[in-house]
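*Asks:* coordinates only, no sequence provided:
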């Protein structure tokens, strides 16, 4: 029989009743007089790994009925709470009745619950029912700082969890106010942003002014807005003339009742909550709003800062409404189609006008010397804050928009990059809150760290940002094993398989030297081009491309699990900690998500990364997203009309950077309530990621100097890294925003666990074993941050002090007890003059499976081509490539669209032969990056014909140094790519970087050579 227990604790006494069904006895610890002995007994019992039974002073017979047992518990509980309350009051040298009352109040519901059980079960005997009650003078206090990855109580998991077919929808930025009755958008007059940059986070206050002057009747408005999913909404205020309405976070049901009651009384009321269908969208209902007034809505939220190239922090301010909502050409293919339909049901998106004025102000208060700030989108000027001038450092500066027309375009996104001297050093800040409800975690230590993965200068890094490059040219790349899984099921037929093959060839051309790779095709079964991964060189690259050329969507259904199990998670998996295994999965189909996700999750290692790309609206979006999340990778969704190359390269680029792993944090702080996130849950820290760990603890510390030690392992240099940080309680900053951000992360981890049907919250360490929805409500209300279980409700008041008093009166939440329960087919390139014999194998066919790859892809003088077809020189405008077309201006757009379909399936030798036949009169027509990529070699060089060289040498440069042909041609192509293909830089950046490295190995500095040529042409 399972063990049944009732457990409750206070700060200094512990009582545990454990019912052993087999032994039929009860053990009770009732010693409450000797507190030191009690503590020692408790420590001993919890250190026993086999049993957590506290040695009792006496035992009672099993036949004791519930009434007697619970009544005895109740008496001792009252005594414990009273003793704790008085002890706390006398320790503070004042008999604080409010403080004593708060101790009783936090346990009131549990006391009531015990009394109810007493009378409900007066005559019942103890049976097999399991129930457990936690009673604390605060909800997180436990004995001797024991930490757990808390489990979720079963009733919170019931009817929860995401379904396999659910869509993963991310709401683009939007902030619109509309008339609920008439479904019309309220005109927006002005928008002001005020950002305060602190260490590790940004506080954003958004003020919007709307006009109701054209209305002559009371209004019921709704304000719809979305923010970054990592941001926590912390404040809401509505001003209507002289009236001020402040938002206070309450439990959702309670807030709804209050809103309805106020409306019935004719009051102006405001109610705000997360949208039930799209959690990133928040809705604010404003009722009984007087007309002919100026309406001001003020929101405040906190969010972490983005990192770029590990050299900058980056801040983005989006337009009030994302242009994708307004200019979506094919809404049926858009990942936002459901949200667009949802919004259009409330108001007409097309009616929104960018006619408002906008102002932005940014205040730096990071405590660090700001050495660099620049906006690539707006012109700014700075003002030093007075107290920053005293120490001669610009630790505190204010940035404002210049008063020029180009700054006033509200459709333009604002971006700011900034840096400090210590950006790559570990930093820490100690903050505290004066919120009485958070006494148990008064202090918050926020530890941050951005590794120094590259030596690029700030100016060079900023230039790379402008060039849309996220990988430094001098970045040391990880050499790993790259496995590309390509879906060849029937649904991939047509343009999907064609585009997938093109992107796969670009992927292969972009791989770093000395790495290993393999390609696995899957459908109803799976096949790979080799049994094991082979080293990346020109020979293996050519072999792989020939096989890719012959792939078709002819492998039946979609079965992912087996291919992953056999090709990734096999018997050799995990045998090496030095090789990085990068898995790329491209699919458009559905498959059962749960076993695949569990396979990836149960085998998660820092040395393995899973990257996923879902094509079309029919793919399993949950599977695509979740695989990447639990596999330490990244994901993208792709509609049928989107460019696939840039997204494939973005995934590949993410896999190339160094990382840190094996994180641990040590501290001498005691009475810690939570660590967010749990350092041991951080599998790895990659480029453009900032380590942020928040440790919340009580004011009851043995010493004022609090020490923290961060330990991790550098996989690139193969060495251990240790950082020490010292903080002093007397220098703590009064700042509640760090508590709010920590609480938001806590709630997010909990909600994700529920969404994915997990029994445990794995990303936090907590000093309690169990969590349920009530804990999340309490945390949200105590910290006054919005969650999906709480809502803002606004009451009319005139002074902010009155608002603060209202807030304080609503953050004391009674704690209720916890009850535990258990192909190619269209527009193919046609060729003539080919007299060689043609060989048309199909990758994965029995013919191929029974012959070595060297034989199947290189028969004597055979040329591997797609399906047999009539061969002719391309004359038709609809199929000829761009370099064969007339350069007339009215055809450029059509030609560019055609070049996206220009095949990359022919090998470099064949392409050289065809391109050599170009008419000299057509040399002025530009080549696309897709054409040039075909000439890229495994070592980073480019091999081209003299005719192509003439075409790309747009400045008629002379090879005065007498460089080798491959070196000279590589230099010319890199110059050409930057000059004429800059719009597609994200797609060719890795091939470009390999070219720069190749030139460097041959003594050519590309940047210097580029400047030299530019000056010679000036």
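*Replies:* Yep, it's here. Computed from a predicted structure; not experimentally measured.
*Asks:* check which residues of stretch 433-445 are buried.
*Replies:* 433, 435, 437-445 (16 or more other CB atoms under 10 Å). (C-beta placed from N, C-alpha, C; glycine too.)
*Asks:* which other helices and strands does the helix or strand where residue 527 lies contact?
*Replies:* According to DSSP states H and E, residue 527 maps onto strand 526-528. Packed against strand 526-528, as judged by 3 or more CB pairs under 8 Å, 6 or more residues apart in numbering; DSSP states H and E, are the following elements: strand 516-522, helix 561-567.
*Asks:* return the set of buried residues in the last one.
*Replies:* For helix 561-567, a neighbour-count test (16+ other CB under 10 Å) marks 563-565, 567 as buried.
*Asks:* contacts for the helix or strand following that helix, please.
*Replies:* Where DSSP H and E defines the elements, the next helix or strand beyond helix 561-567 is strand 580-587. With contact meaning CB atoms under 8 Å, 6 or more residues apart in numbering, strand 580-587 is reached by 478-487, 489, 500, 503-504, 507, 558, 560, 564, 568, 573, 607-615, 619, 624, 627, 631, 633, 648, 651-652, 655.
*Asks:* and the helix or strand encompassing residue 500, what does it pack onto?
*Replies:* In this assignment (DSSP H and E), residue 500 forms part of helix 495-510. For helix 495-510, the packing partners by 3+ CB pairs under 8 Å, 6+ apart come out as strand 480-487, helix 538-549, strand 580-587, helix 644-655, helix 929-933, helix 985-1001.
*Asks:* would you reformat these as TSV and include mean pLDDT and distance to residue 451?
*Replies:* Output for the helices and strands packed on helix 495-510, formatted as TSV (pLDDT from 0 to 100; distance: least, CB to CB, whole Å):
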stretch	mean pLDDT	distance to residue 451
strand 480-487	96	18
helix 538-549	96	32
strand 580-587	95	16
helix 644-655	92	15
helix 929-933	92	32
helix 985-1001	91	20
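*Asks:* could I get these as JSON lines with mean neighbour count and distance to residue 317?
*Replies:* As requested, those are exported to JSON lines (neighbours: other CB atoms under 10 Å; distance: least, CB to CB, whole Å):
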{"stretch": "strand 480-487", "mean neighbour count": "24", "distance to residue 317": "37"}
{"stretch": "helix 538-549", "mean neighbour count": "20", "distance to residue 317": "43"}
{"stretch": "strand 580-587", "mean neighbour count": "25", "distance to residue 317": "33"}
{"stretch": "helix 644-655", "mean neighbour count": "21", "distance to residue 317": "23"}
{"stretch": "helix 929-933", "mean neighbour count": "22", "distance to residue 317": "32"}
{"stretch": "helix 985-1001", "mean neighbour count": "21", "distance to residue 317": "23"}
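*Asks:* of the helices and strands packed on strand 526-528, which is nearest residue 973?
*Replies:* Nearest to residue 973, of all the helices and strands packed on strand 526-528, is strand 516-522, at 23.4 Å by CB to CB.
*Asks:* re the thing from before, turn the helices and strands packed on strand 526-528 into CSV, including distance to residue 981 and mean pLDDT.
*Replies:* Shown next, in CSV, are the helices and strands packed on strand 526-528 (distance: least, CB to CB, whole Å; pLDDT from 0 to 100):
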stretch, distance to residue 981, mean pLDDT
strand 516-522, 25, 97
helix 561-567, 35, 95
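*Asks:* closest to residue 415 out of these?
*Replies:* Comparison of these against residue 415 by CB to CB identifies strand 516-522 as nearest, at 35.7 Å.
*Asks:* could you list the low-pLDDT ranges of the stretch 451-600 of the chain?
*Replies:* 469-478 (pLDDT under 70).
*Asks:* what do you get if the cut-off is 50, keeping everything else the same?
*Replies:* Scanning the stretch 451-600 of the chain for pLDDT under 50 picks out no residues.
*Asks:* next one: the stretch 201-350 of the chain
*Replies:* Judged by pLDDT under 50, the stretches of the stretch 201-350 of the chain that qualify are 331-333.
*Asks:* how does it look with 70?
*Replies:* For the stretch 201-350 of the chain, the ranges with pLDDT under 70 are 328-336.
*Asks:* got the residue ranges for the helices in it?
*Replies:* Here the stretch 201-350 of the chain has its helices, by DSSP state H, counting those that start in this stretch, at 252-264, 323-326, 337-344.
*Asks:* reformat those helices as CSV; add distance to residue 687.
*Replies:* Shown next, in CSV, are these (distance: least, CB to CB, whole Å):
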stretch, distance to residue 687
helix 252-264, 40
helix 323-326, 27
helix 337-344, 31
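*Asks:* could you measure from residue 960 over to residue 953?
*Replies:* 13 Å (CB to CB, to the nearest Å).
*Asks:* compare the two and say which is more crowded by neighbours.
*Replies:* The neighbour comparison of residue 960 against residue 953 (other CB atoms under 10 Å) goes to residue 953, with 18 against 6.
*Asks:* ends of stretch 620-638, what's the gap?
*Replies:* End-to-end span of stretch 620-638 (CA to CA, to the nearest Å): 12 Å.
*Asks:* mean confidence (pLDDT) on that stretch, please.
*Replies:* Mean pLDDT, stretch 620-638: 93.
*Asks:* all further residue positions should be reported with the first residue as 765.
*Replies:* New numbering, starting at 765: the last item is stretch 1384-1402.
*Asks:* so, low pLDDT: which residues of the stretch 1515-1664 of the chain?
*Replies:* 1559-1664.
*Asks:* element containing residue 1546, please.
*Replies:* Using DSSP H and E, residue 1546 falls within helix 1537-1547.
*Asks:* likewise residue 1779?
*Replies:* With DSSP H and E as criterion, residue 1779 is part of helix 1770-1781.
*Asks:* what helices or strands is that helix leaning on?
*Replies:* By 3+ CB pairs under 8 Å, 6+ apart, helix 1770-1781 packs against helix 1729-1744, helix 1749-1765.
*Asks:* just the angle between the last one and helix 1259-1274, please?
*Replies:* Interaxial angle, helix 1749-1765 versus helix 1259-1274 (axes from the mean of the first three to the mean of the last three CA atoms, to 10 degrees): 20 degrees.
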